[in-house]
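In: Fold the following, please.
(one chain, ligands or ions: 1)
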Amino acid sequence: MSDDEVDHELLELLRQSLLGSTQKPDDITSDTKVLRHAEFIYDNSIDVNIDARSTRAAAQLIWSQMQQRNYSTETWSEHELHPKSKDEATLNFIFVMDLLNFSFWSEKSEDERFAVEYRGKKWTGYWSLVACLQRALDEDIPITTPSFYADELECPDEKLAYVFRSSTEEEIPLLQERIDCLREAGQVLEEDFDGSVANLIEAAGNSAGKLVNLLSHHFSCFNDESKFEKRTVRIMKRPQILVADIWAAFNEESYGEFNDIDAITMFADYRVPQMLHTLGCLTYSPPLDSIVRAHQIIPHHSPYEVQLRGCSIWTVEMIRREIIRTNPSAKVNAILIDFFLYDLAKEKEKAGEPAIPHHRTRSIWY
Ligand SMILES: Nc1nc2c(c(CN[C@H]3C=C[C@H](O)[C@@H]3O)cn2[C@@H]2O[C@H](COP(=O)(O)O)[C@@H](O)[C@H]2O)c(=O)[nH]1
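Out: Numbering: from 1, shown residues only. All right, here's what the predicted structure looks like:
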């Protein structure tokens, strides 16, 4: 970290200690701090390492495949279950989707794990969430309307349990936590943004960074940060993927028009780190490697977990810089690299290709 960034951080700490965190909305800047916190985590990691040679090779592989597949924001809407209309309904859909976009992993078998049958297919993982939301709308349950999911009378917990019902014996992981997220988000939208997600987007003034900071400031269930080596480190996975999904779904226009979209980093989930390990970019210390391979739970906020998340963010930044270095005119950012790595991970999983297991942390943050 450069000296002036250390000064910046110290000034920030001094300001916060004097003013407290009584941040006012107009204090909310567009600086998310995520990337430099990821670099800090990488610089202080002992259990996760980035292999420079593999990262350079991965950059070339990723870039050539992204070009072959013509990977762009358009790819987002091509997914069967993603909403296609470029309107407020899609904006409201994406907000609820990324409010709940976490922790689908299961130790059950493929046949017994939580799954959703919809449009004649069985959906698991992230797609099971998207299927639940689409199914609810088909059943005339307005699950993407803030005033609805804020209202425990009109939308009791039982109705939400019905929306997220499973076609197997295993229910959706963290159902109660998902209900709590919906209640908080609905109430905050009602109180601070007149019940409208569009007003929240408007308040960000076309700044992706400011929208991330508005989400982490107003909604505790979006405030994804941890402590590492006695410092607060902001990871902000769901706020950032929310911004990215809006940007992609609207093809950089309308609600998706942001003047600083490249400030968004990789989204520190449990699937992309696994893919980065498969590509040889990430390597784990022997203790961490055996914990991951044994499917042992890694607690949220633990040093192991923070290193996995922070180093994944920094690795994708290294991949992005390498693509730009070798292809100066490349139209690429961390979002498109991340989206590509997630989809590639799912393709490889479906093809039954061997891979280290993803790490097991159960939380609402990813
Ligand atoms: N970093 C990153 N994490 C992502 C996604 C997505 C889906 N994004 C779609 C939109 C555009 C892309 O093209 C994708 O089609 C889900 N996740 C996270 O993964 C986990 C679910 O894993 P599994 O249980 O195996 O489905 C869970 O933490 C979920 O939050 C992504 O793109 N990037």
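
In: Quick check: residues of this structure near the ligand?
Out: Residues of the chain lying close to the ligand (C-beta under 6 Å from any ligand atom) are 75-76, 79, 101-102, 104-105, 125-126, 267, 269-272, 338-339, 342-343, 366. (Glycine included, C-beta is placed from N, CA and C.)

In: Of those residues, which belong to helices?
Out: Under the assignment DSSP state H, the residues of the chain next to the ligand contribute 75-76, 126, 272, 338-339, 342-343 to helices.

In: Let's have the residues you listed in CSV, adding pLDDT.
Out: What follows is those, written out as CSV (pLDDT from 0 to 100):
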residue, pLDDT
75, 94
76, 96
126, 98
272, 98
338, 98
339, 97
342, 97
343, 96
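
In: What's the ChimeraX line that selects buried ones from the residues of the chain next to the ligand?
Out: Remark: buried members of the residues of the chain next to the ligand, expressed as a ChimeraX selection using 16 or more other C-beta atoms under 10 Å:
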select :75,76,101,102,104,105,125,126,267,269,270,271,272,338,339,342,343,366
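
In: How much space separates residue 142 from the ligand?
Out: Using C-beta to the nearest ligand atom, to the nearest Å, we find residue 142 at a distance of 23 Å from the ligand.

In: ignore the last one, residue 260
Out: Distance from residue 260 to the ligand, by C-beta to the nearest ligand atom: 20 Å.

In: Run a quick neighbour tally on residue 178.
Out: Neighbourhood size, residue 178 [other C-beta atoms under 10 Å]: 23.

In: thinking again about what came up before, closest one to residue 199 out of the ones in helices among the residues of the chain next to the ligand, please.
Out: Residue 199 has its nearest neighbour among those in residue 76, at 23.4 Å by C-beta to C-beta.

In: Skip the chain neighbours and tell me the closest residue to that closest one.
Out: Of all residues not flanking residue 76 in the chain, residue 248 sits nearest, at 3.6 Å (C-beta to C-beta, 6 or more residues apart in numbering).

In: for that neighbour, what are its contacts?
Out: For residue 248, the contact set (C-beta atoms under 8 Å, 6 or more residues apart in numbering) comprises 73, 75-77, 256, 335, 339.

In: which among those residues gets closest to the ligand?
Out: The ligand has its nearest neighbour among the contacts of residue 248 in residue 339, at 3.7 Å by C-beta to the nearest ligand atom.

In: Could you check how far the closest one is from residue 324?
Out: Noted for residue 339: a distance of 17 Å to residue 324, by C-beta to C-beta, to the nearest Å.

In: end-to-end on stretch 231-239?
Out: 21 Å (C-alpha to C-alpha, to the nearest Å).

In: Equivalent analysis for stretch 356-366, please.
Out: 19 Å.
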